[in-house]
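Participant: got a structure for you, letters missing:
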């Protein structure tokens with residue numbers, strides 16, 4: 001093999017080794033940075049990016065979920081009122097920030113990603129885990145191909161499912177109830 005070609009191959013191999021080193025260094029830096037963010041947010045495990053989040057004045061408590069579900073009109077009429085539609089909320093039942101109310105509006109997403117309406121710092125939750133949305137007058141939930149699944153009333157969902165007031169939703173280790 002001619003000497004100039006050997007020199008060229010030598011430099012190509014050196015450049016490829018440096019690129020590999022830089023790629024590994026960047027991956028390690030990103031991993032350390034994400035661990036730092038997790039430790040900083042350990043005190044506030046759930047945050048909401050929506051500015052319209054309100055605290056519950058009369059929250060539904062976790063032990064009384066079954067009792068609350070029995071007293072709610074499950075026909076869907078509870079969503080409609082004489083004045084029109086009432087605002088629906090996801091009410092957090094447990095975790096570090098219980099009893100927070102997250103307004104559903106037309107749609108909210110739940111997950112670990114910064115772009116989610118309800119950001120959950122939970123290793124069992126996918127980046128964009130689930131979507132709760134209105135379709136016409138029906139409230140629906142869809143699991144967005146999450147690894148650990150989304151559960152409604154203790155049953156794993158595999159496709160869009162209709163929700164009613166009083167239904168419980170489990171995403172990772174976070175439990176919510178649909179409320180008015």
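Facilitator: Ah, there it is. The shown structure was predicted, so the numbers you read here are calculated from the model rather than taken from an experiment.

Participant: tell me the mean pLDDT for stretch 156-175?
Facilitator: If you average the pLDDT over stretch 156-175, you get 92.

Participant: Distance-wise, check residue 132 relative to residue 149.
Facilitator: For residue 132, the distance to residue 149 equals 15 Å [C-beta to C-beta, to the nearest Å]. Every residue, glycine included, has its C-beta placed from N, CA and C.

Participant: Give me the more crowded residue out of the two.
Facilitator: residue 132 (25 against 17; other C-beta atoms under 10 Å).

Participant: Verify the stated contact: that one with residue 141.
Facilitator: Yes. If you go by C-beta atoms under 8 Å, residue 132 and residue 141 touch, sitting 5.0 Å apart.

Participant: any shared contact partners between those two?
Facilitator: 163, 169 (C-beta atoms under 8 Å, 6 or more residues apart in numbering).

Participant: which regions of this structure lie under the pLDDT threshold?
Facilitator: For the chain, residues meeting the criterion pLDDT under 70 lie at 1, 34-85, 95-98.

Participant: Now do the helices in it.
Facilitator: 3-40, 65-71 (DSSP state H).

Participant: Tell me what residue 177 is bridged to.
Facilitator: Residue 177 forms beta bridges with residue 91, residue 168, as assigned by DSSP bridges.

Participant: how much space between it and residue 157?
Facilitator: Distance of residue 177 to residue 157, computed by C-beta to C-beta: 16 Å.

Participant: With neighbour numbers in mind, choose between these two.
Facilitator: Shown here are residue 177 and residue 157; by other C-beta under 10 Å, residue 177 has more neighbours (22 against 16).
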